[in-house]
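S.K.: What follows is a predicted protein model with its sequence.
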Amino acid sequence: MAVKMDPIHQFELKPLVSFGHIGNQEIAFTQSALYMFAAVGIIALITVVATARRSVVPGRMQSMAELFYEFIGSTLRQSAGHGSERFMPLIFSLFMFVLVLNMLGMIPYAFAVTSHIIVTFALALLVIGTVIVYGFMAHGTKFLKVFVPSGVPGWLMPMIVAIEIVSFISRPISLAVRLFANVLAGHIALKIFAGFVPALLAAGAWGAISPLPLALSVAVTALEFLVAGLQAYVFATLASIYLSDALHPGH
Amino acid sequence: MRLSTEFIAGVLAGGILGWMFDRYLGTKPWGLIVLLMLGFATGVYNVMRVSGSLPKAPTKDRDR
């Protein structure tokens, strides 16, 4: 008996409610959208409900909310510096959204929203859009100094400016690709290692070594939890580093 | 993982830019050739910056 193994199947979008078509493209409320709504609900539960009582001695939920807030607050201050407090709502929302989506994706049979590059790219475009709009709003044309690093000899300048411009355009791509690739690769690896167990058990005497991939998939699960938290943190850190360019151009 | 995505993103950004240049300005194939090479340089530059092998600019110390 061949065990059916399809590691890509888990990333398929399933429309739940269809709103009709635009051209050939179906517009539907998919399970991906449902998970995003669930994530927003969970975040609201953690932050709004838990801090509703505002006790001086925080309860369990309130101290968790305060922990997240302090953590992101200090990360933002360290990487974006003076005047970065105004971006706290954006960075905190981004971090919590990515973290909760990653963690929801780790529940067996659940769907990992951040494994779709269009979702992570939309988040990255939000960050870069904020950098560009705020940079020009706050500094006008002085914001273009982002592309001119100081301390570069004059004859090298045209080359460096061209590289800096391409580097700026590569930022949303690297931000999106990093998160999406980590989540996608992790889930595929998990599925494949776990799939080895029934495949070996079905292969007669080979079943004797089936505990090996089982142990490995337990280890990979632990690793994926680490990656899920770490990538949310990296996303928030990089977003605040890019925002620091908008706050202090001309580095 | 961090370093490799920085590099890939640089090359990708150069490639996409060059492809769009060619498409809208009709400069096939020079835009893609030049910008892909520039993207490669950007990838190396990104990796150097992230790994900290570039010298820090003297005015990097900001008011914290």
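M.R.: Looks like it arrived, so ask away. Numbers count the residues shown, from 1 in each chain, chains lettered A, B, ... in the order given.

S.K.: Strands along chain A, start to end?
M.R.: Remark: strands assigned in chain A by DSSP state E are A:15-22, A:25-30.

S.K.: Residues of the stretch 1-150 of chain A that sit close to chain B?
M.R.: A:77-78, A:81-82, A:149-150 (C-beta under 8 Å from any C-beta of the partner chain). Every residue, glycine included, has its C-beta placed from N, CA and C.

S.K.: if you set the cut-off to 10 Å instead, what comes out?
M.R.: Residues of the stretch 1-150 of chain A lying near chain B by C-beta under 10 Å from any C-beta of the partner chain: A:77-78, A:80-84, A:149-150.

S.K.: got a winner among those residues for most neighbours?
M.R.: Highest neighbour count within the residues of the stretch 1-150 of chain A next to chain B, by other C-beta atoms under 10 Å in any protein chain shown: A:Ala80, with 27 neighbours.

S.K.: The closest residue to it other than its chain neighbours - how many residues pack around it?
M.R.: Leaving aside its sequence neighbours, A:Ala80 sits nearest to A:Ser244 (C-beta to C-beta, 6 or more residues apart in numbering or on different chains; 3.9 Å). By other C-beta under 10 Å, 22 other residues sit near A:Ser244.

S.K.: what's A:Ser244 in contact with, if anything?
M.R.: Counting by C-beta atoms under 10 Å, 6 or more residues apart in numbering or on different chains, A:Ser244 touches A:76, A:78-84, A:87, A:131, A:251, B:62.

S.K.: Closest one of the residues you listed to B:Val44?
M.R.: Set against B:Val44, the nearest of the contacts of A:Ser244 by C-beta to C-beta is A:His251 (19.3 Å).

S.K.: ok so, going back, could you identify which of the strands of chain A is most buried?
M.R.: The highest average neighbour count among the strands of chain A, using mean count of other C-beta atoms under 10 Å in any protein chain shown, belongs to strand A:25-30 at a mean of 13.

S.K.: how about the longest helix along chain B: buried residues?
M.R.: Assignment by DSSP state H gives helix B:2-25 as the longest helix of chain B. Buried residues in helix B:2-25, defined by neighbour count with 16 or more other C-beta atoms under 10 Å in any protein chain shown: B:5-19, B:21-22.

S.K.: Remind me what that helix packs against, helices and strands.
M.R.: The contact analysis (3 or more C-beta pairs under 10 Å, 6 or more residues apart in numbering or on different chains; DSSP states H and E) places helix B:2-25 against helix A:157-201, helix B:30-51.

S.K.: how far off helix B:30-51 does that helix point, in degrees?
M.R.: If you take axes from the mean of the first three to the mean of the last three C-alpha atoms, to 10 degrees, helix B:2-25 sits at 160 degrees to helix B:30-51.

S.K.: for the record, mean pLDDT for helix B:2-25?
M.R.: Across helix B:2-25, the average pLDDT comes to 89.

S.K.: go on, stretch A:183-191?
M.R.: In this model, stretch A:183-191 has an average pLDDT of 92.

S.K.: buried stuff in it?
M.R.: If you call a residue buried by 16+ other C-beta under 10 Å, then stretch A:183-191 has these buried ones: A:183-184, A:186-187, A:189-191.

S.K.: Would you mind pulling the contact partners of it?
M.R.: For stretch A:183-191, the surrounding residues in contact (C-beta under 10 Å, 6+ apart) are A:5-11, A:98, A:101-102, A:105-106, A:108, A:111-117, A:119-120, A:216-217, A:220-221, A:223-228, A:231, B:1.

S.K.: chain center to the longest helix of chain B, what's the gap?
M.R.: 7 Å (C-alpha atoms, centre = their mean, to the nearest Å).

S.K.: Pull the contacting residues for the spatially most central residue of chain B.
M.R.: Centrality entry for chain B: nearest residue to the mean C-alpha point is B:Thr42, 2.7 Å, by C-alpha atoms, centre = their mean. Residues near B:Thr42 by C-beta under 10 Å, 6+ apart: A:162-170, B:6-7, B:9-14, B:35.

S.K.: One more: B:Met20?
M.R.: By C-beta under 10 Å, 6+ apart, B:Met20 lies in contact with B:31-32, B:35.

S.K.: Would you mind giving the residues you listed as TSV with neighbour count added?
M.R.: Listed next are those as TSV, based on neighbours: other C-beta atoms under 10 Å in any protein chain shown:
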residue	neighbour count
B:Gly31	19
B:Leu32	21
B:Leu35	23
